[in-house]
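Chemist: sequence plus the predicted model coming up.
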Amino acid sequence: MTSVGVSLSAGGWGSVRDPAGGPDGSAGCAELPLSPRQRALCRRKPLLLRSVRDGARLAVSECQNQFRHERWNCSTTEEPPGLGTKETAFIYAVMAAGLVHAVTRSCSQGSMTECGCDARLQGGGSPAEGWHWGGCSDHIQYGTWFSRRFMDGAARNASAAGQLGYTLSSMNQHNGEAGRQAVERTMTTDCRCHGVSGSCAVKTCWRTMAAFERVGAYLKERYERSVQVAERSRRKSRRKEPRRLAAAADKHQLIFFNKSPNYCLEDRRRGVAGTRGRRCNRASPGPDGCNLLCCGRGYNTHVVRHVQRCECKFVWCCYVRCRRCESMNDMHTCK
């Protein structure tokens, strides 16, 4: 796994430009921070380069959305926030899920020559109940295959670490697979009615992916319930464990080795941005509140002038007239 799969820095997937040069996309592949195997796959399937970029942007945006109120807000640093922590588990999962989502969407939209809709369900259903499978089901199997091949190489059973404990590589693969499963587990069944005067005598149904925000929320729940597992390289050297560690975990769970730092103070070595200067909510008792987010250091209060259009009215015939309203609001930032 290269830095592409774990780094959320501005130079990672999220900032990949459109491929330049010839129609084979080789120039675009050369610009990506890929391993030799990933670069070879990129050259073989250049049409998927845009999906790789879009999937990374989806992942970064959703990670920042899910953690926007917490001490670790998915800040973009050159290094991941502590190897083997719950946070890196979430990063691997959301990156893998973002790639599945973007590739599958491209297939369903007809943007790819080697994949399209999933037609395997068509013709089935329940005629007695008046519905059948049809339409354009999202071809999540192809998106999952490509995400697994791109991020993990040849398909491996990462969850088979079992009784021997996990290595860092197998843990990352496990979390990536949990991210891919999240896209499938959040899929929905949509139906359209057919019949005289909208009677819905017959329904055509198909499977579609949920919005990626739903996938992100699902993975955030898995993050909150992640499982600490035994690390194979350290297991024999530990005489006493502070708690009983799981030898293996369900494929839908996120797993981690190491306890997370508190993310209060900047630590460039560990990829921690700290919370100094972060905006907080003085009235909130939650993680975005000034007490918790600022780690007890206190906060500064600034008065911010806000200008916006207000009291807009439609004026006959053809324009809108608004007043210019100003307000003064307090903004609190962590010391």
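Modeler: Looks like it came in fine.

Chemist: burial count for C325?
Modeler: If you count neighbours by other Cβ atoms under 10 Å, C325 ends up with 11. Placement of C-beta: from N, CA and C, glycine included.

Chemist: next: R57.
Modeler: 16.

Chemist: which element is it on?
Modeler: Assigned by DSSP states H and E, R57 falls within helix 49-66.

Chemist: go through that helix and flag the buried ones.
Modeler: 49-63, 66 (16 or more other Cβ atoms under 10 Å).

Chemist: so how far is that helix from its chain's centroid?
Modeler: The chain centre lies 6 Å from the centre of helix 49-66; the measure is Cα atoms, centre = their mean, to the nearest Å.

Chemist: C-terminal to that helix, what's the next element?
Modeler: Assigned by DSSP H and E, the successor of helix 49-66 is helix 86-108.

Chemist: quick one, that following helix and helix 49-66 angle?
Modeler: 140 degrees (axes from the mean of the first three to the mean of the last three Cα atoms, to 10 degrees).

Chemist: determine the set of other helices and strands touching helix 86-108.
Modeler: helix 3-6, helix 49-66, helix 140-152, helix 168-185, helix 212-224, strand 255-256 (3 or more Cβ pairs under 8 Å, 6 or more residues apart in numbering; DSSP states H and E).

Chemist: buried stuff in the fourth one?
Modeler: Applying a neighbour-count criterion of 16+ other Cβ under 10 Å, the buried positions in helix 168-185 are 170-184.

Chemist: give me the secondary structure label for A283.
Modeler: What DSSP: H, G, I helix; E, B strand; the rest coil gives for A283 is coil.

Chemist: how many neighbours does it have?
Modeler: 8.

Chemist: swap in I140?
Modeler: Neighbours around I140, by other Cβ under 10 Å: 22.

Chemist: cool, N300 as well?
Modeler: 13.

Chemist: contacts for the helix or strand containing it?
Modeler: Using DSSP H and E, N300 maps to strand 299-315. Contact partners of strand 299-315, identified using Cβ atoms under 8 Å, 6 or more residues apart in numbering, comprise 280, 282, 290, 320-335.

Chemist: which of the residues you listed fall within strands?
Modeler: Among the contacts of strand 299-315, the members falling in strands are 280, 320-334 (criterion: DSSP state E).

Chemist: are any of those buried, and which?
Modeler: Buried by 16+ other Cβ under 10 Å: 280, 332-334, out of the ones in strands among the contacts of strand 299-315.

Chemist: phi, psi for the nearest residue to Y166 once chain neighbours are set aside please.
Modeler: Among residues not flanking Y166 along the chain, V229 sits closest, at 5.4 Å (Cβ to Cβ, 6 or more residues apart in numbering). For V229, the backbone dihedrals are phi -120, psi 170 (criterion: degrees, to the nearest 10).
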